[in-house]
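Enquirer: when you get a sec, could you give me coordinates for this:
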Amino acid sequence: QAFTFSLVNVHTDPDEVDRELDVLDDLFFQVRDDPRRGEDDVLMVGDFNARADQLRQLGQIRGLVKVVSGQTPTNVRHTAQYDNILFDAAATTEFTGRSGVFDFLRAYNLTLEQALAVSDHLPVWAEFSVYEGGRPGPIAARPK
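Expert: The predicted model follows:
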């Protein structure tokens, strides 16, 4: 069975970031608990305009995985952490544990000006199994 999930793309307003982070936890639960969907895997991704340790009420969700943590920068200037991928560890067992920030500025030996022409943010990535629950189910044998 294929890994299915709901994706919530986030871009908080830097002038309203505290207020918005304090309602994003409600949005996370609303999407997860929507009875019309029957889906417990919620990936909340994007520009939170906050470090992993400053996500306020959103960051207080029990078991919340933040694929970017510590002081890892996610902006091209390497001065701040804004972007992340968040999900519930208990629900999203498909996560392989592999994730990171792709520093295209250094990978392609770009100048800061060249990199900023692409984006002021570095891509954040995470790897998930294609199988629901993280492991393939039984496969029917071919008839002989």
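Enquirer: read off the pLDDT value for Lys144.
Expert: Note on Lys144: pLDDT of 63.
Enquirer: could you pull up phi and psi at the residue nearest in space to the middle of the chain?
Expert: The centroid of the chain falls nearest to Ile85 when counting by Cα atoms, centre = their mean (1.2 Å). With angles defined as degrees, to the nearest 10, Ile85 sits at phi -130, psi 120.
Enquirer: strands along the protein, start to end?
Expert: 6-11, 42-47, 64-66, 83-88, 95-101, 124-128 (DSSP state E).
Enquirer: right, so of those, which gets closest to Gln57?
Expert: Nearest to Gln57, of all the strands of the chain, is strand 64-66, at 10.9 Å by Cβ to Cβ. (Glycine included, C-beta is placed from N, CA and C.)
Enquirer: how far is the closest one from where the chain is centred?
Expert: 8 Å (Cα atoms, centre = their mean, to the nearest Å).
Enquirer: not counting it itself, show me its contacts.
Expert: 52, 55, 58-59, 84-89, 92, 95 (Cβ atoms under 8 Å, 6 or more residues apart in numbering).
Enquirer: hang on, the earlier thing: most packed of the strands of the chain?
Expert: Highest mean neighbour count of these: strand 83-88, a mean of 23 (counted as mean count of other Cβ atoms under 10 Å).
Enquirer: between the two ends of stretch 53-63, how far is it?
Expert: 14 Å (Cα to Cα, to the nearest Å).
Enquirer: got the buried residues for it?
Expert: 55-56, 58-59, 61 (16 or more other Cβ atoms under 10 Å).
Enquirer: dump the strands of the chain to TSV, plus mean pLDDT and distance to Pro73.
Expert: Putting the strands of the chain into TSV (pLDDT from 0 to 100; distance: least, Cβ to Cβ, whole Å) gives the following:
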stretch	mean pLDDT	distance to Pro73
strand 6-11	97	18
strand 42-47	98	13
strand 64-66	98	14
strand 83-88	98	10
strand 95-101	97	7
strand 124-128	98	11
